[in-house]
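Asker: Give me the fold of what follows.
(one chain, ligands or ions: 2)
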Amino acid sequence: MAPYAKELRVASLAVQRATLLTQRVFHEKVKGTELKSDKSPVTIGDYGAQALIIAAIRHNFPDDAIVGEEDSSSLQDNTDIRSQVWNAIKSTRLSSESAEKELGGSIKNEQAMLAAISAGSSTGGSKGRFWALDPIDGTKGFLRGGQYAVCLALIVDGEIEVGVLGCPNLPVDDQASFSADISDAEGHQRGVLFAAVRGHGATSQALSDDDLKQPKAIQMKSPPSLADATFCESVEADHSSHGDQAAIANKLGITKPSVRMDSQSKYGSIARGAGDIYLRLPVSQSYEEKIWDHAAGVLIVAEAGGIITDIKGKKHDFTQGRTLKKNKGVVAAAKNLHADVLKAVQEVLDAKQ
Ligand SMILES: Nc1ncnc2c1ncn2[C@@H]1O[C@H](COP(=O)(O)OS(=O)(=O)O)[C@@H](OP(=O)(O)O)[C@H]1O
Ligand SMILES: [Mg+2]
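Answerer: Ligands and ions are numbered 1, 2, ... in the order given. A predicted model of the protein is given here:
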């Protein structure tokens, strides 16, 4: 049996089911947005997806720790939001009964739901197994009907071993043109699940596949030259520096406009060869990137043949707890481009000193 086969299967089905919940919440317009202490939004979709994924992990891997983005403290007193999360969970089931059974079935009651959400409080670290979970990455994208991702990775002794991304608003077709737009002028079927196991490549498949048994291998492309490359970046200007990124693109002779896309959908997109470079340059020196915002995507890009480092050229270090405190930013690119891109990043940042 391939390594981590059960982990990959459970993670893929759990992400598929959680993604379904987020789509239902979006379409039924019961997003129930609150603001967290850092003023970022959290919705019924975030809480529901976290509960469903953690319940599936705890059923299948009861000894594993979980580093999840959300906690249940604000749900303890807010009965309105709590019951809406519970309603969303109750009405979300995979159409395959056997897949539901593999995940351990639904959550039994509201108390079990709160307990599942709270179980994401692990501090991570350098030893043993833990899962890094972002139930909705790009919550702002989710709220505006754009790109977002349900993200789950297994980290063992500091190495990312399994990564899964559910991207409901990206086209299924790996060859579709690279865009964050979902207006569907090209009539694409949407909803893709990216996955990777370390040393065993990366795949994509339709999120709508009943039993998720049709993964196709994906590969980063190597454009003939930097002038032909396409790069992507965050939508939010306070998450990464659009100005520095534009200066780097200019230095590299990149002429195509950047593709701005919310969430780890950027990692999935470059891994399938839709774009060639992802730049995330820090805006603030004090912000520490969260491990759940990167773990799954970093593995998927690396397994698709890309190179991914921080802005100093260092590998991202997932042993440091809930954040990537030893790293700043992201420079991800096709193998033949990474060294030149990194050099330009350093020149632009040095010139600012
Ligand atoms: N200051 C700052 N700098 C860098 N990153 C930050 C910052 N603040 C928040 N975040 C995290 O960014 C996550 C969203 O990822 P993206 O920037 O790729 O998408 S977006 O365009 O902003 O939507 C977003 O993830 P979610 O909270 O899960 O949506 C945040 O964890
Ligand atoms: Mg999130």
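Asker: State whether A246 is indeed within a strand.
Answerer: No - applying DSSP: H, G, I helix; E, B strand; the rest coil, one finds A246 to be helix, outside a strand.
Asker: burial of it, as a residue count?
Answerer: Burial measure for A246: 17 neighbouring residues, criterion other CB atoms under 10 Å. Bear in mind the C-beta positions are built from the backbone N, C-alpha and C, glycine included.
Asker: Count the residues that sit near L281.
Answerer: For L281, the number of neighbouring residues by other CB under 10 Å comes to 22.
Asker: quick one: it from ligand 2, how far?
Answerer: As defined by CB to the ion, to the nearest Å, L281 lies at a distance of 21 Å from ligand 2.
Asker: Before we move on, what's the pLDDT of that residue?
Answerer: The score at L281 is 98. That number is its pLDDT.
Asker: My guess is A302 contacts K315. True?
Answerer: No - taking contact to mean CB atoms under 8 Å, the distance of 9.4 Å between A302 and K315 leaves them out of contact.
Asker: of the two, who's got more company?
Answerer: Looking at A302 and K315 with other CB under 10 Å, you find the greater number of neighbours at A302, namely 21 against 13.
Asker: Where does that one sit, in terms of helix or strand?
Answerer: Assigned by DSSP states H and E, A302 belongs to helix 295-303.
Asker: helices or strands next to that helix in the packing?
Answerer: Contact here means 3 or more CB pairs under 8 Å, 6 or more residues apart in numbering; DSSP states H and E; on that basis helix 295-303 packs against strand 149-156, strand 159-171, strand 190-197, strand 202-206, helix 265-271, strand 306-309.
Asker: and it with strand 149-156, angle?
Answerer: Angle of helix 295-303 versus strand 149-156, following axes from the mean of the first three to the mean of the last three CA atoms, to 10 degrees, is 80 degrees.
Asker: Only the buried residues of helix 295-303, if you could.
Answerer: Buried residues in helix 295-303, counting neighbours by 16 or more other CB atoms under 10 Å, are found at 295-303.
Asker: ditto for stretch 52-72
Answerer: Of the residues in stretch 52-72, those buried by neighbour count under the rule 16+ other CB under 10 Å are 52-58, 60-61, 64-72.
Asker: just the residues you listed that are near ligand 2?
Answerer: Taking CB under 5 Å from the ion as the test, ligand 2 is in contact with E69 out of the buried residues of stretch 52-72.
Asker: Among the buried residues of stretch 52-72, which lie within helices?
Answerer: Under the assignment DSSP state H, those contribute 52-58, 60 to helices.
Asker: so can I have TSV of the residues you listed showing distance to F231 and pLDDT?
Answerer: Putting those into TSV (distance: CB to CB, whole Å; pLDDT from 0 to 100) gives the following:
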residue	distance to F231	pLDDT
L52	34	98
I53	31	98
I54	35	98
A55	38	98
A56	35	98
I57	34	98
R58	39	98
N60	38	98
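Asker: out of the residues you listed, which one sits closest to I218?
Answerer: Taking CB to CB as the measure, I53 is the one of these closest to I218, at 22.9 Å.
Asker: name the element the closest residue in space to that closest one that isn't next to it in sequence belongs to?
Answerer: If you skip the residues right next to it in sequence, I53 has A14 as its closest partner in space, 4.7 Å away by CB to CB, 6 or more residues apart in numbering. Take DSSP H and E as the rule and A14 turns out to sit in helix 5-27.
Asker: Tell me the buried residues in that helix?
Answerer: With burial defined by 16+ other CB under 10 Å, the residues of helix 5-27 counted as buried are 7-26.
Asker: where in this structure is pLDDT low?
Answerer: Within the chain, the ranges that satisfy pLDDT under 70 run 184-185.
Asker: Tell me the residues of it that contact ligand 1?
Answerer: Proximity of the chain to ligand 1, by CB under 6 Å from any ligand atom, involves residues 40, 69, 134, 136-141, 234-236, 238-239, 262-263, 284, 287, 290, 293.
Asker: hmm, which of the residues you listed are the buried ones?
Answerer: With burial judged by 16+ other CB under 10 Å, the buried subset of the residues of the chain next to ligand 1 is 69, 134, 136-141, 234-235, 239, 262-263, 290, 293.
Asker: For the residue nearest to I53, which residues are in contact?
Answerer: With contacts taken as CB atoms under 8 Å, 6 or more residues apart in numbering, A14 has the following neighbours: 52-53, 56-57, 103, 152.
Asker: which ones are touching E69?
Answerer: 46, 50, 120, 133-135, 290, 292.
Asker: and with 7 Å instead?
Answerer: Shown in contact with E69 (CB atoms under 7 Å, 6 or more residues apart in numbering): 133-135, 290, 292.
Asker: State the distance from it to V25.
Answerer: 16 Å (CB to CB, to the nearest Å).
Asker: Mind telling me what element A132 is part of?
Answerer: Applying DSSP H and E as the criterion places A132 in strand 129-137.
Asker: What lies in contact with that strand?
Answerer: Looking at strand 129-137 with CB under 7 Å, 6+ apart, the contacting residues turn out to be 18, 22, 43, 45-46, 49-50, 53, 57, 64-70, 120, 122, 124, 142, 148-156, 263-264, 291-293, 295.
Asker: Please repeat the previous calculation with a cut-off of 6 Å.
Answerer: The list of residues contacting strand 129-137 from outside it, by CB atoms under 6 Å, 6 or more residues apart in numbering, reads 22, 45-46, 49-50, 53, 57, 64-69, 122, 124, 142, 148-149, 151-156, 263-264, 291-293, 295.
Asker: Which residues of the stretch 201-350 of the chain lie near ligand 2?
Answerer: Listed as neighbours of ligand 2 in the stretch 201-350 of the chain under the rule CB under 5 Å from the ion: no residues.
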